[in-house]
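K.L.:
Pasting a predicted model and its sequence here:
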Amino acid sequence: KMETDCNPMELPTFTDFEEDADFRDFEGTDVKDMRLEAEAVVNDVLFAVSNMFVSKTLPCAEDVAYINVETREKNRYCLELTEAGLRVVAYDFDQTDDRLQTPYHETVYSLLDSLSPAYREVFGNALLQRLEALKKESQS
């Protein structure tokens, strides 16, 4: 959760609108831009998949973003990112299928781990290499 330093005196006061849903999260600490979150997810795991990018055709909002991913097995997915986590919403880029009832995953790692054995292998090898490098650093 991102924390922001905020002087309460700088916040505008919405006396008439406080119950209005559009202004409820206006304190600035709970509002996350899901597009930024989605970009961070992509940057984290791009090395372990064939292709991955934030959808430019499906609408991003404060509470939802869509990520297209192609695994090393050449399977394509469209992922939905919300506060609840990530889930597959279609088996192709830039699509959503309301009939799909796929489970939410807390992390992109867990989701890709369930979809792609090749991802698991590449990610595992990267971790091992990192550990080896840390081990060498600590020995020198």
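P.N.:
Structure's in. What do you need?
K.L.:
what's the nearest residue to Leu79 if we skip its chain neighbours?
P.N.:
The shortest distance from Leu79 to any residue other than its chain neighbours is 4.5 Å, reached at Ile67 (Cβ to Cβ, 6 or more residues apart in numbering). (C-beta placed from N, C-alpha, C; glycine too.)
K.L.:
ok now the lengthiest helix in the chain, how far from the chain's centre?
P.N.:
With secondary structure taken from DSSP state H, the chain has its longest helix at helix 117-139. Chain-centre distance of helix 117-139: 23 Å, with Cα atoms, centre = their mean, to the nearest Å.
K.L.:
In it, which of the residues would be classed as buried?
P.N.:
For helix 117-139, a neighbour-count test (16 or more other Cβ atoms under 10 Å) marks Ala118, Tyr119, Val122, Phe123 as buried.
K.L.:
Would you mind writing the CA trace of that helix as CSV?
P.N.:
Below are the C-alpha coordinates for helix 117-139, written out as CSV (Å, rounded to 0.1, in the frame of the first residue of the first chain):
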residue,chain,number,x,y,z
PRO,A,117,5.6,-24.5,-16.6
ALA,A,118,8.2,-22.6,-18.8
TYR,A,119,7.6,-19.4,-16.7
ARG,A,120,8.2,-21.4,-13.5
GLU,A,121,11.5,-22.8,-14.9
VAL,A,122,12.8,-19.4,-16.2
PHE,A,123,11.8,-17.6,-13.0
GLY,A,124,13.3,-20.4,-10.8
ASN,A,125,16.6,-20.2,-12.7
ALA,A,126,16.7,-16.4,-12.4
LEU,A,127,16.2,-16.8,-8.6
LEU,A,128,19.0,-19.4,-8.4
GLN,A,129,21.4,-17.1,-10.4
ARG,A,130,20.6,-14.2,-8.1
LEU,A,131,21.2,-16.4,-5.0
GLU,A,132,24.5,-17.6,-6.4
ALA,A,133,25.6,-14.0,-7.1
LEU,A,134,24.6,-13.0,-3.5
LYS,A,135,26.5,-15.9,-2.1
LYS,A,136,29.7,-14.9,-4.1
GLU,A,137,29.3,-11.3,-2.9
SER,A,138,29.1,-12.4,0.7
GLN,A,139,32.1,-14.6,0.4
